[in-house]
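Trainee: quick one, what's the 3D model for this:
(3 chains)
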Amino acid sequence: MTDPSVPTGIVITGLSHDYTPRAGTRVRALEDVSLTVATGSFHALLGPSGCGKSTLLYCIGGFLPVQTGSIRTDRGLVTDPGPDRGVVFQNFALFPWKTVLQNILYGIGKRGIRGAEARDRAQHFIDLVHLTGFEASFPGQLSGGMQQRAALARTLAAEPDILLMDEPFGALDAQTRRIMQEELLGIWRQTRQTVVFVTHDVAEAVYLSDAISVMSARPGRIRRTLSAGFNRAADPAVFKRPDFTEQVELIWQMVRAEVDDARRPAPA
Amino acid sequence: MRRGAVSYLPLLILAALWELVTRLGLVSRALLPPFSVVLVALAHMLADGSLLRNAVPSLLRGAAGLALAIVAGFGLGAGMALLPRFRAAFGPLVQAFYPLPKTALVPLVMVWFGLGDTAKIVLIFLGCLLPVILGTYNGIRGVDHVLVWSARSLGASRRDVLREVLLPAAMPQILIGLRTATAFAFLLMVASELIIANNGLGFLIGSLGDDGAYPAMFAAILTITALGFLADRGFAALSAHLLRWRT
Amino acid sequence: MIGRIALRCSAFLVLLAGWEAANRLGLIRPFLLPPLTAVAARLVADVASGAFFLNAAVTLYRTLAGFALACVIGIPLGILISRRKLVGWFVEPIVSVGFPMPAIAFLPIFMLWFGVFDLSKIVMTGFSAVFTVIAAADAGTRGVERQLTWSAQSLGATRAELFRDVMLPAAMPQILTGLQVALPLALIVEVASEMLMGGTGLGGMMVNAENYADSVGVYAGIVEIALVGGIAVALMARLRRHLLRWHPEAAG
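Mentor: Numbering: from 1, shown residues only, chains lettered A, B, ... in the order given. Okay, here's the model as predicted:
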């Protein structure tokens, strides 16, 4: 193993983002977003669809340009995509022409690790996400849940400081989603990476996160950031605890208020 | 789709029907020589070397024009897909050239390059260029951007992305373009040789027809059909190999 | 915006300017590249005398007649291939041979069978287009979702209604894509046939010009054939938009 990954925080100040749809006028997706994600914490971005939470994540990833404001990690200002920030997308984004093993070896190879060491490391992460035995399968031959495990392993194997997850379980069925949530928490407790997790599922956010930022509908702003912390206790029954359901209900009310706000016609 | 040799049985039935209608006198032998007579003519042409003597120059012309078109077409298509300025400048030219039936260029390449090999290679090159450009362009433009983003966040440079992500992701479309280009290469090869040449399979078909040597003419036509089919099957096998990750 | 338009026209302008400059500076023999003005004058003369319209009409007539023949035979046959096992078994291997074949090689046979006038050329263009049409209709109907036919059947559609109301429209995008490939193919083969057999039509006119070493006529002929090709492509695109008004692609 080369340098062990160093958990780093993220400091976002005054970030705004505009885009122009193919046919139409400029839309403001993010407005004056300031947010600090603590080192080693699991931070959820929660909000109604179209609130710009994915846009915010893509800006952190360096895929969309920072137009106004700044994003800083411990490695400096974000300007480009980089292997310090690993991403897991909702639709997996596995290379369909590579096998599971080849997909996972790709990021490892980019770090300059080859040969037996690379294969050992890939195998470690394949085992970690319970894909042992499917190394030679192409993504098209796997179920959605297994594809997402492979995508997670590919990202983890590159040992990023920060893990960016864009509704990673949104395309999965309910049972698979629950299992994947549990496994993600299990893995995160070992790696202790900084995670930014985009979701519109309130219970998922409360279950997984240290902190939850609720975003408003377009233009996206951070409405409030709350702490949760149910994720620290390895208790699968946490869903039934009254303080858990209370927290979910509280945050659900906030998200709903945002949805209602967005529905109301804009003041003239 | 893999098919065994057995699935080509209907072609044999077709050949048997051909033999039958001519033997029974349902169709005049002057219009359609019996299949067996054509086979005998084919054997003669194989034996005296006239078939090989004409097939080799044809295939060389086709391969040269196609190879040039693949190299140039891939470069132009990738350039158009990746560089907006390049696209803005070349796009309209491609659009204007697209609806031109490429056989209209036969007299032009003759004006420029005479009646020899160069003219035919240039014609095949120009005819095959567009399918390759369009396949590459559409393929690269259609790549899901999250694949590019994934590679970049895993540490791939911009240069890596072209070779490691865009090229394989665009490969299905590129191969469709190449298949069309291969068919065009055969078509333009035969057309230009029929119109004017002093060797080649197209020339052979035309001169045998002019001489009234119909069994031999049918044999030559069957040969070029078989060659086109073999090229297409070979191409399909290559595609299946390159795209074995698709399920 | 003006910069964008200038950029879009730049390739043409460079091409035309280079053409004219090469002539004026005497860099190239006028036989290889006649002056732009001479080609333009020939185009005007062809339009004024009506020769362009006559030749274009003849070429278009034979192309469209052959193309129509290919559609009338190819579409039902393609659908049958995907619906009837026996038809598929027999016709599919024939199509897989016919699809990549250089159809123009059959022209001497059609001349032998149908003479040297319109009929042989129409059969030739139809023959060159039919395999593409069959393959497209086959692939189109094969790709129709089973749920679609099931729901129509459960709503009480008869076999004929299933074909007319479900299969044909569902396969239409693919069929039209096939036709959009087949029509230019038919035109390519028609032009080549005219060049081989001479006579009227734009291809015949061009080969005449070539024989008389009239390179101005060759260049004018390319422009005229390109115009006819452009019209054919535009007509097919319009037909597609009209037939696929319901399709999501129409909204784009």
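Trainee: check which element follows the stretch of helix or strand residue A:59 belongs to along the chain.
Mentor: Assessed by DSSP states H and E, residue A:59 sits inside helix A:53-61. On the C-terminal side of helix A:53-61, the closest following helix or strand by DSSP H and E is strand A:68-73.
Trainee: pull up the pairing partners for that next one, direction included.
Mentor: strand A:10-19 (antiparallel), strand A:76-77 (antiparallel) (DSSP bridges).
Trainee: any idea of the mean pLDDT in the first one?
Mentor: Confidence over strand A:10-19 (mean pLDDT, whole number) is 90.
Trainee: for the next helix or strand after that strand, packing partners?
Mentor: Remark: after strand A:10-19, the chain's next helix or strand is strand A:27-37, criterion DSSP H and E. When contacts are defined as 3 or more Cβ pairs under 8 Å, 6 or more residues apart in numbering or on different chains; DSSP states H and E, strand A:27-37 packs onto strand A:10-19, helix A:53-61, strand A:68-73, strand A:222-227. C-beta: built from backbone N, CA, C; applies to glycine.
Trainee: what distance separates strand A:27-37 from the centre of its chain?
Mentor: Averaged C-alpha coordinates place strand A:27-37 at 17 Å from its chain's average position (Cα atoms, centre = their mean, to the nearest Å).
Trainee: quick one on the thing from earlier: and the helix holding residue A:59, does that touch chain B?
Mentor: Yes. With Cβ under 8 Å from any Cβ of the partner chain as the threshold, helix A:53-61 lies in contact with chain B, specifically through A:58, A:61.
Trainee: re the thing from before, same list (the helices and strands packed on strand A:27-37) but as JSON lines, adding mean neighbour count.
Mentor: As requested, the helices and strands packed on strand A:27-37 are exported to JSON lines (neighbours: other Cβ atoms under 10 Å in any protein chain shown):
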{"stretch": "strand A:10-19", "mean neighbour count": "17"}
{"stretch": "helix A:53-61", "mean neighbour count": "24"}
{"stretch": "strand A:68-73", "mean neighbour count": "16"}
{"stretch": "strand A:222-227", "mean neighbour count": "16"}
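Trainee: contacting residues around residue B:146?
Mentor: Residues in contact with residue B:146 (Cβ atoms under 8 Å, 6 or more residues apart in numbering or on different chains) are A:89, A:91, A:93.
Trainee: follow-up on the earlier one: which one of the helices and strands packed on strand A:27-37 lies nearest to residue A:180?
Mentor: With Cβ to Cβ, the closest approach to residue A:180 among these belongs to helix A:53-61: 18.3 Å.
Trainee: export only the CA atoms of the closest one, formatted as PDB.
Mentor: As requested, C-alpha coordinates have been extracted for helix A:53-61 and formatted as PDB (Å, rounded to 0.1, in the frame of the first residue of the first chain):
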ATOM      1  CA  LYS A  53     -28.100  18.700  -4.500                       C
ATOM      2  CA  SER A  54     -26.600  16.700  -7.300                       C
ATOM      3  CA  THR A  55     -25.200  19.900  -8.900                       C
ATOM      4  CA  LEU A  56     -23.600  20.700  -5.600                       C
ATOM      5  CA  LEU A  57     -22.000  17.200  -5.500                       C
ATOM      6  CA  TYR A  58     -20.800  17.500  -9.100                       C
ATOM      7  CA  CYS A  59     -19.200  20.900  -8.200                       C
ATOM      8  CA  ILE A  60     -17.300  19.200  -5.300                       C
ATOM      9  CA  GLY A  61     -16.300  16.500  -7.700                       C
END
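Trainee: for that helix, the distance to its chain's centre please.
Mentor: The gap between where helix A:53-61 is centred and where its chain is centred comes out at 9 Å by Cα atoms, centre = their mean.
Trainee: give me the helices and strands touching it, please.
Mentor: Secondary elements touching helix A:53-61 (3+ Cβ pairs under 8 Å, 6+ apart): strand A:10-19, strand A:27-37, strand A:42-46, strand A:85-88, strand A:162-166, strand A:194-199, helix B:145-153.
Trainee: what about the residue nearest the centre of chain B, which helix or strand?
Mentor: For chain B, the residue whose C-alpha lies nearest the mean C-alpha position (Cα atoms, centre = their mean) is residue B:182; its distance is 2.1 Å. For residue B:182, the element it lies in under DSSP H and E is helix B:167-195.
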